[in-house]
Structure formats: C-alpha cells, structure tokens
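Participant: structural data only, the sequence is not supplied:
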C-alpha cells in the first residue's frame, strides 16, 4: 500500500473534475517547532484542544501539516508525556496513527496497540494520553468528501464503512505501510515548491483515502468481493484505455474511471492486475507517457516543443513529466525530440538514389 500519485503527471483524480489546470491556491505544507505544550496545541489548525505536560523537563514539539480543500494530513512529535483534550470540527473524521516506536498511547483510557489506530468523529471531545517521544500521524477528512469518495469510488455506504469504536486494529504490517505512505506524502509535498493544480490536489486526497481503505481503517463491504468474469475484466480495461485516450489532455484518474465505468476501486484494480499485471494508475501513466513519446518522435514535422507535447497529454508540471519519462524510457524528453529532429534533417539532406 503506497500513496502512488502526487502531481499532475499522476493518474488519479476525483470524479467530476473539470479539465482546467488551474493552480490550487489552498495547498500548503507548514512545519513548526514548539517549545511549550500550549503552543504545540495551538499549532494544529482547525482543532479545539488543550495539552497538559505531565513529565518534567523542557518540552519540544514538532508538526508538519498539509492542508487541502477537504483534508488535513499531519505528523506530530512530542518530547514529554501529555494529556490532551481534543475535538475536531463537526462533520469531519479523524484517524490517528501512532508510529510503531511511539510508545504507549491511550484514547479515552483505551490502549492504542502497536497494530491499531484511533478514530473519532468531529464535534465530540476525546482525551489522548501520549508518552514521551511520541509520534503520531493524523488524517482529518470532511464528511462530504468522505461520503462522496466511499459511494463513487469504493461503492460502499459510509455508514457501513465507518469504524464503530475508538481503537481499530488493522495489523502491524498494514499500519507500518500506512505510516510510511503518509510520511512519503508529507516529505514530497514539503520538498515541492510548485503549487498543485486542482486535479492534482484532488488526486492527493483520493490517494490518502484509498490508503485508509487499503489499511482496513475503512473496511470495504463484503459484497464488493465478487469480481467480473474474464471477458468483462478485459472489457473494463479496454473501456478505461479508450476513456483515457479520449481525454488525453488531462490526468484522468482512478476515481473518475470508477465513476465512468460503474465499478469499485477494488474491482478496477483486480481487473487491471488480472489482465495487465499492474495497477490501473501505473498503466494510465504509462499510456500517456507512450503517447507523449510518439508525438515527440513526430514533433519535428509540426515544430512542436516538449512543453507543447507534454501539455497535450495532460502533464502540467514539466519537471515531473521529465522525471517520469526518463524513468520509463531511459532518456529525457528533450533527447527524444533532438533525435527526431536529427533524423528528419538527415532524411531531407540525403541525395536521391538513381
């Protein structure tokens, strides 16, 4: 379980997204350091909370926070034992995932085991007791966004998928992979100086929600386990390919494909894995990159630039496009274009054979 996509070159966006590549102004990553427990409590946006320090010594806390339209993702570290009273905004849901080496932690007096995460709905105060040297990842998602994603992508009712308890056991391995995915998301977002487009922002949110479902924090309905017969699997993959090519000027993603093809994300993944041996997001990205490569090979005829070709295939961040392109083909897009121009010039200068 990895959060696979972070940019416009990624193949995952929420249903109904307009093709315009407008930049998303609300996206930002902030890292803060606090030397007081009260300051640490205030640093987390959108929460009502109070931190009481219970162990002696100089307190140090850290927070790296990513805020999107409908989601907040963060990692928090605290040096000393704390009693925290917390409440997230109404019609939102909080998932708290302590890292494996975080030590003891409790929510409303219940132990959060090494294989478990914590869950609370918004508008309800709860208490956290965290030990010294504590690290915890948090995901807060707005109710409307979670309901929409559950219905359109996972094809489950949110009422059936939400945990009915404060501590949810998901298994140590799943928990470790979930923490690794969230850490990678925050590190990549912090390292990127470029703002995200609207579709890339929605892609990021969908990827986080997918990781929560995959981890078992939001279990899928048992009824979703029935899979299509072989002919239907092949048809789903073909329909997905046709749809992506018909909308090649933007990054069509997994959630949109689920909505258009009327299948759940798990069904779509199963079909692609069975037919092509790879995840749908990987195939869609490769499909677009191959299309861009063919256009670059012919670009000299139409005097098109790398940027022209990249934009035509929905890649709005040229640096990420170049990185993905080189990873797949072993050369930069500019090198492909240069080779094509050279070949075209050589053909024109070649004398006619008699």
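Facilitator: Noted; the coordinates are in hand. The structure displayed is predicted, hence computed values, not measured ones.

Participant: give me the buried positions along the longest helix anywhere in the chain.
Facilitator: Scanning the chain for the helix with the most residues, using DSSP state H, yields helix 172-191. By 16 or more other Cβ atoms under 10 Å, the buried positions in helix 172-191 come out as 174, 175, 176, 177, 178, 179, 181, 182, 183, 185, 186, 189. For glycine as for every other residue, the C-beta is placed from the backbone atoms N, C-alpha and C.

Participant: what do you get for stretch 54-70?
Facilitator: When burial is assessed from 16+ other Cβ under 10 Å, stretch 54-70 yields the following buried residues: 59, 61, 62, 63, 64, 65, 66, 67, 68, 70.

Participant: the second one and residue 205: what is the separation?
Facilitator: Translated: residue 61. 26 Å (Cβ to Cβ, to the nearest Å).

Participant: with the last one instead?
Facilitator: Shown here: residue 70 relative to residue 205, a distance of 6 Å by Cβ to Cβ.

Participant: and this structure, what are its domains?
Facilitator: Domain segmentation of the chain under automatic domain parsing yields 28-187+196-219, 226-344.

Participant: let me have the ones you listed in a markdown table, adding mean pLDDT as columns.
Facilitator: As requested, the domains of the chain are exported to a markdown table (pLDDT from 0 to 100):
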| stretch | mean pLDDT |
| --- | --- |
| domain 28-187+196-219 | 93 |
| domain 226-344 | 91 |
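
Participant: can I assume residue 155 is in contact with residue 264?
Facilitator: Yes: between residue 155 and residue 264 there is a contact under Cβ atoms under 8 Å: 4.0 Å.

Participant: and for residue 147, nearest residue in space, chain neighbours not counted?
Facilitator: In space, and not counting its chain neighbours, residue 147 is closest to residue 158: 4.7 Å by Cβ to Cβ, 6 or more residues apart in numbering.

Participant: tally of neighbours for the one you found?
Facilitator: For residue 158, the number of neighbouring residues by other Cβ atoms under 10 Å comes to 16.

Participant: next SSE after the longest helix of the chain?
Facilitator: Note on helix 172-191: by DSSP states H and E, the next helix or strand toward the C-terminus is helix 198-215.

Participant: if we can go back for a sec, just checking, what packs against the longest helix of the chain?
Facilitator: Contact here means 3 or more Cβ pairs under 8 Å, 6 or more residues apart in numbering; DSSP states H and E; on that basis helix 172-191 packs against strand 28-34, strand 61-67, strand 71-78, strand 92-98, strand 116-121, strand 134-142, helix 198-215.

Participant: quick one: contacts of it?
Facilitator: By Cβ atoms under 8 Å, 6 or more residues apart in numbering, the list of residues contacting helix 172-191 from outside reads 1-3, 6, 29, 31, 64, 66, 73-75, 97, 99-100, 114-117, 137, 139, 170, 204, 207-208, 211-212, 214-217.

Participant: repeat that for stretch 321-335.
Facilitator: For stretch 321-335, the external contacting residues (Cβ under 8 Å, 6+ apart) are 9, 285, 286, 289, 292, 293, 296, 306, 309, 310, 315, 336.

Participant: out of these, who has the most neighbours?
Facilitator: Within the contacts of stretch 321-335, most neighbours by other Cβ under 10 Å means residue 315, with 28 neighbours.

Participant: from what I see, that one and residue 291 are in contact.
Facilitator: No: if you go by Cβ under 8 Å, residue 315 and residue 291 don't touch, sitting 10.4 Å apart.

Participant: any of the contacts of helix 172-191 buried? List them.
Facilitator: Among those, those classed as buried by neighbour count (16+ other Cβ under 10 Å) are 1, 3, 6, 29, 64, 66, 73-75, 97, 99, 114, 116-117, 137, 139, 170, 204, 207-208, 211-212, 214-217.

Participant: could I get the helices and strands packed on helix 172-191 in CSV, plus columns for distance to residue 348?
Facilitator: What follows is the helices and strands packed on helix 172-191, written out as CSV (distance: least, Cβ to Cβ, whole Å):
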stretch, distance to residue 348
strand 28-34, 50
strand 61-67, 52
strand 71-78, 54
strand 92-98, 61
strand 116-121, 64
strand 134-142, 58
helix 198-215, 40
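
Participant: of all these, which one is nearest residue 239?
Facilitator: Residue 239 lies closest to helix 198-215 among the helices and strands packed on helix 172-191, at 19.9 Å (Cβ to Cβ).

Participant: next one: that closest one to chain centre, how far?
Facilitator: In terms of Cα atoms, centre = their mean, to the nearest Å, the centre of helix 198-215 is set 4 Å apart from its chain centre.

Participant: and stretch 252-269, by the same measure?
Facilitator: Using Cα atoms, centre = their mean, we find the averaged C-alpha position of stretch 252-269 to lie 15 Å away from the chain's own average C-alpha position.

Participant: how about stretch 73-90?
Facilitator: When C-alpha coordinates are averaged (Cα atoms, centre = their mean), stretch 73-90 and its chain have centres 23 Å apart.

Participant: buried set for that stretch?
Facilitator: Taking 16+ other Cβ under 10 Å as the basis for neighbour counts, the residues of stretch 73-90 that come out buried are 73-82, 84, 86-88.

Participant: check contacts around residue 61.
Facilitator: With Cβ under 8 Å, 6+ apart, residue 61 has these contacts: 33, 34, 35, 37, 39, 40, 43, 76, 77, 78, 79.
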